[in-house]
Every structure is written in structure tokens, then in C-alpha cells.
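Asks: curious how this folds, go ahead:
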Amino acid sequence: MNRMKIALAILIVAAAVCAAADAPSVAGKWTAAIDTQIGVQNYTYEFKVDGEKLTGTAKSANGESPIVDGVVKGDTITFVENFKYQDMEMRVVYKGKIAGDEIKFNRQVGEVASEDFVAKRAK
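Replies: Model prediction:
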């Protein structure tokens, strides 16, 4: 009976390790061209991941913002960019689905706009 419990425990650990290995990694640099109300904005995102916690930066021609409140769970990514444009601060909330070297995002720019776009892993 003990052997069966040990074998089952090994199987459970192995399955957990395999599932973690299959989870998409978003750490690194990603780029996107976002069609916005003020024209196309080219962004570079630098993501850092520690467990489920996501941090990093969002850079565009308008400056660089830290990524806050970031979470990666499975293939889902969420974070906030506190963006400053013409002396106005805006909270930009991102929600996305990771699929290989692409992330399909929706971002809510304050109460002004909702934008869908795809970010691609920089090579």
C-alpha cells in the first residue's frame, strides 16, 4: 500500500511540473502597434514575472510607465499602466490571452476608449 501512495505522489508531482512547464512565459520584450484615438501608438513592453506577479515597463513615444497590479495566471495576463499624456494621468487597464508568441489584448484607457490589439514577442 505504501508503494502505491508513493507512486501516486510521484505522478501528481510530475503532472504539476509538466503543467508548469507548458504554461506560457511572458517574461521578456513584446511590441505592439495600437490604433488609438490619437493615431497609431507603437509600444514596447518589458515584462518581468515572479510566480504569478507581473512587473515591468510600458514604453511609447509619449514616455515610459511602470507596470503595476500585474498578474499572470495560466494563459491570462492583466496589468495596469498609469499613463501620463499632456499633464493628464490616465489609468490604462490591460487584459489579455497568451498564445505562443502573441498576446491578444484589450485595454481600457480611463473612461475614454477601449482598444483591442495584438502584442508580439520581440525576436
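
Asks: now the strands for the protein?
Replies: 28-36, 39-50, 53-60, 63-73, 76-85, 88-99, 102-109, 113-121 (DSSP state E).

Asks: next, format these as CSV and append mean pLDDT and mean neighbour count.
Replies: To be clear about C-beta, it is placed using only N, CA and C from the backbone, and glycine gets the same treatment. Below are the strands of the chain laid out as CSV (pLDDT from 0 to 100; neighbours: other Cβ atoms under 10 Å):
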stretch, mean pLDDT, mean neighbour count
strand 28-36, 95, 16
strand 39-50, 95, 15
strand 53-60, 96, 18
strand 63-73, 95, 15
strand 76-85, 91, 18
strand 88-99, 93, 16
strand 102-109, 96, 18
strand 113-121, 96, 15
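
Asks: pairing partners for the most centrally placed residue in the chain in the sheet, please.
Replies: Compute the mean C-alpha point of the chain, and by Cα atoms, centre = their mean the closest residue is Ile77, 4.1 Å away. Note on Ile77: beta-bridge partners by DSSP bridges are Val72, Gly96.
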